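Undergrad: below is the sequence, then the predicted model.
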Amino acid sequence: MELGGTGGFHGYRKIQQPSSGLRPLEINIQLPEQINNSTADDNECTVREQDRFMPIANVIRIMRKILPSHAKISDDAKETIQECVSEYISFITGEANERCQGEQRKTITAEDVLWAMSKLGFDDYIEPLTVYLHRYRELDGGDRGGSIRSEPPLVKRVVDGGAMGFTAFAPPFHMVAHHHNGFFGAVGVNGFLKDAVPSAGPSGAAVATVDTQCKE
Amino acid sequence: MAEEEEENQTGTHQPAFPASRVKKIMKLDEDINKVTSEAIYLVSRAAELFTEFLAEKSAQVTVEKKRRTVRLDHLRVAVRRHQPTSDFLLDSLPVPSQPSDRPSTERARSRLDNKPAPAGTRRIDHFFQKES
């Protein structure tokens, strides 16, 4: 009997159907995504929904930041956007990986990701992502952070962040889309490591050092 | 830490998506070997930007149609309007008036409505209906 539909568990793509007729009143209970139910497998790979998608709460939070406060979002729109995010991640990652493998490398780097963005038509993201990357390197040490072998960064905190001339680190999308004259001008993707930060004093030197270290 | 995210400036180094989950999704593709933490971070931030994009463009359609609820068909129009997004995403969207494969209360409910109760039983919503 089909009362359970594709299963009573929200957490799985496909569930074994209950074959017995002894559960007529079983309704579809929406379980929280965190519960790890070890239901039987089917022939497809059973990746749990929680591993295939971003937590929907995070997705909704981002949307609410953008939408007017009175706006509502239908459930299927929320879920579909949640799926779209994963599709996007896979799409970008796949392209970045192709470039990586084409250059006989095995590890996808930030540069591969930025290259993929540009190739797939998301040039608008290059600017803000480059800003994010610089912050990440300066504050968290980037890929050097946490390693025993890494030297202490030359600049622990960005003191003269103001010299960079931007006020927001995460410009909303609609702002970025219309501003191609931003801080980085016409710098190509491959140049982002070197050209993006004016070499003015210690911060410039720090970035240059980071740059060298990060080269494959 | 939370304060930064509440303000208009999105967290300077507080991404909206958990890095571990980003990494998991990236590695669903078996071809993917290793990824640097920087790459994961950028993909996470890019996904965030993309979510903002989808929200914003969908809401534009919602406003055009003079609605207050952002719906799936608004999202579809928004996706179609942006060529790079449409190229990879349009085919993945649920077909109009047909829900996607994922189980959810909405779809389960509509499935419940379609199927008759087995013999000798009553559907639970029977209890909540007025006796006609």
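TA: Cool, the structure landed.
Undergrad: please count neighbours and contacts with C-alpha atoms only from this point.
TA: OK.
Undergrad: ok, the nearest residue to residue B:37 once chain neighbours are set aside - contacts?
TA: Nearest residue to residue B:37, sequence neighbours excluded (C-alpha to C-alpha, 6 or more residues apart in numbering or on different chains): residue A:143, at 5.9 Å. Contact analysis of residue A:143 by C-alpha atoms under 8 Å, 6 or more residues apart in numbering or on different chains lists A:137, A:214, B:36, B:37, B:38.
Undergrad: then residue B:64?
TA: Per C-alpha under 8 Å, 6+ apart, neighbours of residue B:64: none.
Undergrad: measure residue B:37 to residue B:31 for me?
TA: Here residue B:37 is placed at a distance of 18 Å from residue B:31 (C-alpha to C-alpha, to the nearest Å).
Undergrad: and the two? which has more neighbours close in?
TA: Comparing residue B:37 with residue B:31 by other C-alpha atoms under 10 Å in any protein chain shown, the one with more neighbours is residue B:37, at 18 against 12.
Undergrad: give me the low-pLDDT residue ranges for chain A?
TA: Within chain A, the segments meeting pLDDT under 70 span A:1-45, A:145-216.
Undergrad: what about residue 53, how many neighbours?
TA: All of this refers to chain A. Going by other C-alpha under 10 Å, the residues that sit close to residue A:53 add up to 22.
Undergrad: to clarify, I was referring to chain B.
TA: Residues within reach of residue B:53, counting by other C-alpha under 10 Å, total 20.
Undergrad: now it: phi and psi?
TA: phi -60, psi -50 (degrees, to the nearest 10).
Undergrad: distance-wise, check it relative to chain A.
TA: 6 Å (C-alpha to the nearest C-alpha, to the nearest Å).
Undergrad: and residue B:80, by the same measure?
TA: Taking C-alpha to the nearest C-alpha, one finds residue B:80 at 13 Å from chain A.
Undergrad: same thing with residue B:60?
TA: Distance of residue B:60 to chain A, given as C-alpha to the nearest C-alpha: 10 Å.
Undergrad: how about the strands in chain B?
TA: Taking DSSP state E, the strands of chain B run over residues B:34-35, B:69-70.
Undergrad: relative to the first one, what are the paired strands and their orientations?
TA: If I follow you right, that is strand B:34-35. Note on strand B:34-35: by DSSP bridges, its sheet partners are strand A:107-108 (parallel).
Undergrad: returning to what we had before: filter the contacts of residue A:143 down to the buried ones, PyMOL style.
TA: With 16 or more other C-alpha atoms under 10 Å in any protein chain shown as the burial test, the buried ones among those are selected in PyMOL as follows:
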select buried, (chain A and resi 137) or (chain B and resi 37+38)
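Undergrad: got any ranges where chain B has weak pLDDT?
TA: For chain B, the ranges with pLDDT under 70 are B:1-13, B:97-117, B:129-132.
Undergrad: most tightly surrounded among the strands of chain B?
TA: Sort the strands of chain B by mean neighbour count, taking mean count of other C-alpha atoms under 10 Å in any protein chain shown, and strand B:69-70 sits at the top with a mean of 20.
Undergrad: ok, and the closest non-adjacent residue to residue B:79?
TA: Nearest to residue B:79 is residue B:86, by C-alpha to C-alpha, 6+ apart, at 5.2 Å.
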